[in-house]
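[1] Just need the structure, nothing else, for what follows:
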Amino acid sequence: MQARLSTMFQSLQVRNYRLFAFGQLVKLIGVWMMFIAQDWLVLELSGDSATALGVVVALQFTPVLLLTLLSGRLADRYDKRMLLFVANAFWAVLSLAMSVLVLTDLVQLWHVFVFAALLGVANAVETPVRQAFVSELVGTRLLPNALSLNAAVFNSARIVGPAVAGLAIALFDVGPVFLVTALSSIAPLITVIQMRPAELYRAPLPSRDERAAATVLDGLRYVGRRPDLLLPMVVMSVIGMSLFNFQLTLAALAKTVFNTGAASFGLFSTTLAVGALAGALAGTGRRSRPSVWLVLGAAIVCAVFGTLVGLAPTYWMVVALLPPTGFFMVYFAQAANQRVQLGTDAAFRGRVMALWVLVFLGTNPVGAPVIGWIAETFGAGVSIWAGGLLSLVTALLALAWQLRHDSVRLRFRILPMPRFYVTEV
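    The predicted structure follows:
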């Protein structure tokens, strides 16, 4: 057990990564508290409008759609550590301003819209830079472990944040939650400053002319020539758009279908995150690039459980289905992330990871308003299971394409024990 734990958390032995992970954990707990408070505030200000909630989610992710590729170019041209500091400082100032508006009871719905859009700008710059920066913190050997621990940090925060936020809203209202978010956003600024640049695993910055030649279009061409990178991105774009909208759909499910309060919404988010954390930790022992079969298999199972959540007729059945849904949701996303990042040349990593962030988060502005409209018109359950079915069809089509591309076929033997085989044609 001791050896297993040592392997699972091996990246934490690197001082710079340890600082990075701690700063992200503190910040993300506050961010998830803010998400819960923001969603609840929107429902209060809009008269329980799922459409308004969808608009907020869309505004939050629209800058990702517009700016992420440019951010990836910045990551390949400039010091990623300095870019992270600037983006997180912008985030901290915005969080503080929003907390003042809420605490003084001056907040209006359009304030939340503007706040969500500006936070999206900070996120569009920070996320691809942060994704590409991990390889500089730990090097290639520990990169799969560090990526899995990143997901574990994210989902640990998603467990703690919603649970604390649900109780805090019930006891103190949403204002103090926004204030805690503002204070927690200072943590990554401190940890970035404390890092030792000499211990980073990075080559010197290219010359000015070479950096100017690092264009977004070259990054797109690079991915277009690589089916092994393109396929997980296409699958991720559809699943991210149609199924990974639980921030929106679970809030609507708790309030409009089961008629429960903020604490129950927090329970939904927490149980989903418990499974997601387990899915992240399940990938920490991986030391090589995941196969395409692992990625597609996880996508199929994730879509099946997502569909079942939408079809569940009772509150406690939803609670029971959310942990396995969260597990396979993160297991799929993390395997796809590792397959993309470990298959990318270092010179293109910033732009490729920017494209990954675009398909992972940037599809939300397209899907969120539609999902919100479906939830308001036909019910929150319908919006979840419809997204699950679309995700399942996409994953199965991708599997069929990969089988044909590799000239292999699946065989299933029933007796004496069920077992799948993959054989060449």
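
[2] List the buried residues in the lengthiest helix in the chain.
    Determined from DSSP state H, the single longest helix within the chain is helix 15-46. Going by neighbour count (16 or more other CB atoms under 10 Å), the buried part of helix 15-46 is 16-43, 46. Backbone N, C-alpha and C define where each C-beta goes, glycine included.

[3] what's the offset of it from the middle of its chain?
    Put simply, helix 15-46 sits 12 Å off its chain's centre (CA atoms, centre = their mean, to the nearest Å).

[4] try stretch 216-233
    Going by CA atoms, centre = their mean, where stretch 216-233 is centred and where its chain is centred differ by 20 Å.

[5] Stretch 387-397 now?
    Relative to its chain's centre, stretch 387-397 lies at 19 Å (CA atoms, centre = their mean).

[6] do the same with stretch 54-62
    Relative to its parent chain, stretch 54-62 has a centroid offset of 15 Å by CA atoms, centre = their mean.

[7] Return the alpha-carbon coordinates of that stretch using PDB.
    Provided in PDB are the C-alpha atoms of stretch 54-62 (Å, rounded to 0.1, in the frame of the first residue of the first chain):
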ATOM      1  CA  GLY A  54     -27.800  28.600 -19.800                       C
ATOM      2  CA  VAL A  55     -27.000  32.100 -20.900                       C
ATOM      3  CA  VAL A  56     -24.600  32.600 -17.900                       C
ATOM      4  CA  VAL A  57     -22.800  29.300 -18.700                       C
ATOM      5  CA  ALA A  58     -22.600  30.300 -22.400                       C
ATOM      6  CA  LEU A  59     -21.100  33.700 -21.500                       C
ATOM      7  CA  GLN A  60     -18.700  32.100 -19.100                       C
ATOM      8  CA  PHE A  61     -17.300  29.800 -21.900                       C
ATOM      9  CA  THR A  62     -17.700  32.000 -25.000                       C
END
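
[8] Check which residues of that stretch are buried.
    So stretch 54-62, judged by 16+ other CB under 10 Å, has buried residues Gly54, Val55, Val56, Val57, Ala58, Leu59, Gln60, Phe61, Thr62.

[9] Over to stretch 289-305?
    In stretch 289-305, counting by 16+ other CB under 10 Å, buried: 289-290, 292-305.

[10] quick one on the thing from earlier: which of the buried residues of stretch 54-62 sit farthest apart?
    Taking CB to CB as the measure, the buried residues of stretch 54-62 span a maximum distance of 12.1 Å, between Gly54 and Thr62.

[11] my guess is Leu41 meets Val102, correct?
    Yes: in terms of CB atoms under 8 Å, Leu41 counts as a neighbour of Val102; the distance is 7.1 Å.

[12] Need the residues touching each of those two.
    The overlap between the contact sets of Leu41 and Val102 (CB atoms under 8 Å, 6 or more residues apart in numbering) consists of Val174.

[13] just the strands in the chain please.
    Under the criterion DSSP state E, strands of the chain are mapped to 408-413, 419-424.

[14] just to revisit the earlier point, in helices only, show me the buried residues of stretch 54-62.
    Per DSSP H, the buried residues of stretch 54-62 map to helices at Gly54, Val55, Val56, Val57, Ala58, Leu59, Gln60, Phe61, Thr62.

[15] distance of the residue nearest to Ala163 when sequence neighbours are not counted from Ala333?
    Using CB to CB, 6 or more residues apart in numbering and skipping the chain neighbours, the partner closest in space to Ala163 is Thr270 (4.7 Å). For Thr270, the distance to Ala333 (CB to CB, to the nearest Å) stands at 19 Å.

[16] same thing with Ile371?
    Distance of Ile371 to Ala333, computed by CB to CB: 18 Å.

[17] Give me the more crowded residue out of those two.
    More neighbours surround Ile371 than the other of Ile371 and Ala333, with 29 against 24 (other CB atoms under 10 Å).

[18] tell me the contacts of that one?
    Counting by CB under 8 Å, 6+ apart, Ile371 touches Gly54, Ser242, Asn245, Leu248, Thr249, Ser383, Gly387.

[19] Mind putting those residues into a markdown table with distance to Pro227 and pLDDT?
    As requested, those are exported to a markdown table (distance: CB to CB, whole Å; pLDDT from 0 to 100):
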| residue | distance to Pro227 | pLDDT |
| --- | --- | --- |
| Gly54 | 33 | 76 |
| Ser242 | 23 | 86 |
| Asn245 | 28 | 78 |
| Leu248 | 32 | 73 |
| Thr249 | 32 | 79 |
| Ser383 | 32 | 86 |
| Gly387 | 26 | 88 |
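
[20] if we can go back for a sec, and the buried residues of stretch 289-305, which is closest to Val393?
    Closest approach between the buried residues of stretch 289-305 and Val393, by CB to CB: Ala303, at 8.3 Å.

[21] in stretch 345-359, what's buried?
    347-359.

[22] Give me the residues contacting that stretch.
    By CB under 8 Å, 6+ apart, the residues outside stretch 345-359 that reach it are 64-65, 68-77, 80, 127-129, 131-132, 135, 203, 214, 216, 218-220, 222-223, 229, 233-234, 236-237, 240, 337, 340-341, 344.
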